[in-house]
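K.L.:
test case, fold it:
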Amino acid sequence: MADTARGPVGTRPVRDGLRAYLMISAMWIRSTMAYRASFAMTTLGNFTATAFDFVAILLMFSRVDALGGYALPEIAFLYGLSSVAFGLADLGLGSMERLGRRVRDGTLDTLLVRPAPVLAQMAADQFGLRRLGRITQGTMVLVYALVAVDIDWTPLKLLLMPVMMLSGAAIFAAVFVAGAAFQFVAKDASEVQNAFTYGGTTLLQYPPTVFATELVRGVTFVLPLAFVNWLPATYVLGRPLPLGLPGWVAFLSPPVAAGCCALAGLAWRAGLRSYRSTGS
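P.N.:
Numbers count the residues shown, from 1 in each chain. Sure, this is the predicted structure:
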C-alpha cells in the first residue's frame, strides 16, 4: 500500500536511512573543512601511505619482468581496480569498523534512541573525507595502466569497466557491514574484519596466478572477492579466467554484489537484534 504523501511504505526506511546518512556525513564534512590545512595533510598522508603498496610492486619489477605471468601494466590494472573499488567502499562505510568499540563502551545505546536507522548512523559516524587519498592514488595507477596496457577494446569490455568498479565497491561494502554485524557477537573483532577488507584489497592487487588454487577457489565461491576485479579484469585483459571458468562468469559481478549486500543486510539485522544494552 502506498502513502500518497511519502511514497511506498516499503521504501520509507531506505529513504530515511539515506537521508540520515547524508545529513550526518555533511555535518562531518563541514567539521573537517573547518580545518583545511589539517584536511590537506591527512589526505596527503592517506595518499602516501597507500602509494607504498604500489611502490612495493615497482620494487619487485626492478628485479623481474613478470609476476605470475603478468607484466607491470597488467598488475597496475588489477591494483587500480581493487584500490578504487575498496576506496569507494571505505569512504562510504569505513566507519563500520568502530562498531565493536561502541558495543564495548555502551555508546551504541545513544544511536538506538535516535530516530534514524543505526546502520546509517554508524556508516556516517566520523565520515573520513581524507579517504579520498586512497581513491585518488588508485585512480592514478589505473589511468597509467589503461595507457600502458594493450587491451583489445570492445563495447562489452568498455561497459564492464564502470560496472566492475561499482560492483566491486558494493562487494567490499557488504564485507564492511557483515564484519560489523559479527562485532555484535565478538565485540573485539575489528582486526578480523580488517583481514577481509584491507587484506582482501591487498590480495586482489596481485594476479590470481601467484596464489594457490585453494585460495582462489575460496575467494571465488566462499567469499566472492574475485568478482571485484580478478574475474572481470582477466576478461578485459584477454586472459583466461581463473579455475578454467567460462567467459560469461566475468559479467556476474552485479548479481554477486547484490547477493552479498542482501546477505550482509540479513547479518546486520540479526546482529542488531542480538544486541543487549549495557544499561549505562
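
K.L.:
low pLDDT regions in the chain?
P.N.:
Under the criterion pLDDT under 70, the flagged ranges of the chain are 1-11, 187-190, 278-280.

K.L.:
could you pull out the helices for the stretch 1-150 of the chain?
P.N.:
Defined through DSSP state H, counting those that start in this stretch, the helices belonging to the stretch 1-150 of the chain, from first to last, are 12-33, 36-61, 72-93, 99-105, 108-112, 118-124, 132-148.

K.L.:
quick one: buried residues of the first one?
P.N.:
Spelled out, it's helix 12-33. Burial within helix 12-33, assessed by neighbour count using 16 or more other C-beta atoms under 10 Å, is assigned to 17, 20-21, 24-25, 28, 32. Any C-beta I mention is one placed from the backbone N, CA and C, and that applies to glycine too.

K.L.:
do the last one as well
P.N.:
Residues of helix 132-148 classed as buried by neighbour count (16+ other C-beta under 10 Å): 132-142, 144-145.

K.L.:
same deal with the longest one?
P.N.:
Within helix 36-61, the residues that qualify as buried are 39, 42-43, 46-47, 50-51, 53-54, 57, counting by 16+ other C-beta under 10 Å.

K.L.:
now the residues you listed as CSV including distance to Val216?
P.N.:
Conversion of the buried residues of helix 36-61 to CSV gives the following (distance: C-beta to C-beta, whole Å):
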residue, distance to Val216
Phe39, 40
Thr42, 36
Thr43, 35
Asn46, 30
Phe47, 30
Thr50, 25
Ala51, 27
Asp53, 21
Phe54, 22
Ile57, 19
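
K.L.:
and which of those residues is nearest Pro73?
P.N.:
Pro73 has its nearest neighbour among the buried residues of helix 36-61 in Ile57, at 11.3 Å by C-beta to C-beta.

K.L.:
how close does the residue nearest to the closest one when sequence neighbours are not counted sit to Thr154?
P.N.:
When the adjacent residues along the chain are set aside, Ile57 lies closest to Ile75, with 6.1 Å between them (C-beta to C-beta, 6 or more residues apart in numbering). Computed with C-beta to C-beta, to the nearest Å, the distance linking Ile75 and Thr154 is 22 Å.

K.L.:
same question, Ala212
P.N.:
Per C-beta to C-beta, Ala212 is found 32 Å from Thr154.

K.L.:
between these two, which has more neighbouring residues?
P.N.:
Between Ala212 and Thr154, Thr154 has the larger neighbour count (other C-beta atoms under 10 Å), namely 11 against 8.

K.L.:
which of the buried residues of helix 132-148 lies closest to Val113?
P.N.:
For Val113, the nearest member of the buried residues of helix 132-148 is Leu132. The distance, counting by C-beta to C-beta, is 32.3 Å.

K.L.:
surely Gly200 and Phe176 touch.
P.N.:
No. Judged on C-beta atoms under 8 Å, Gly200 makes no contact with Phe176 at a distance of 10.6 Å.

K.L.:
more neighbours: the two, which one.
P.N.:
Neighbour count, other C-beta under 10 Å: between Gly200 and Phe176, Phe176 has more, with 25 against 20.

K.L.:
so which elements touch the host helix or strand of the more buried one?
P.N.:
According to DSSP states H and E, Phe176 maps onto helix 155-186. Contacts defined by 3 or more C-beta pairs under 8 Å, 6 or more residues apart in numbering; DSSP states H and E place helix 155-186 against helix 72-93, helix 99-105, helix 190-204, helix 230-236, helix 253-274.

K.L.:
got the angle between it and helix 132-148?
P.N.:
Here helix 155-186 points in a direction 150 degrees away from that of helix 132-148 (axes from the mean of the first three to the mean of the last three C-alpha atoms, to 10 degrees).

K.L.:
tell me the buried residues in helix 155-186?
P.N.:
The neighbour-count check on helix 155-186 (16+ other C-beta under 10 Å) flags 157, 160-161, 164-184 as buried.

K.L.:
contacting residues for Gly94?
P.N.:
In this structure, Gly94 makes contact with 128, 131, 176, judged by C-beta atoms under 8 Å, 6 or more residues apart in numbering.

K.L.:
okay if I get those residues as a markdown table plus distance to Gln193?
P.N.:
As requested, the contacts of Gly94 are exported to a markdown table (distance: C-beta to C-beta, whole Å):
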| residue | distance to Gln193 |
| --- | --- |
| Gly128 | 16 |
| Arg131 | 16 |
| Phe176 | 7 |
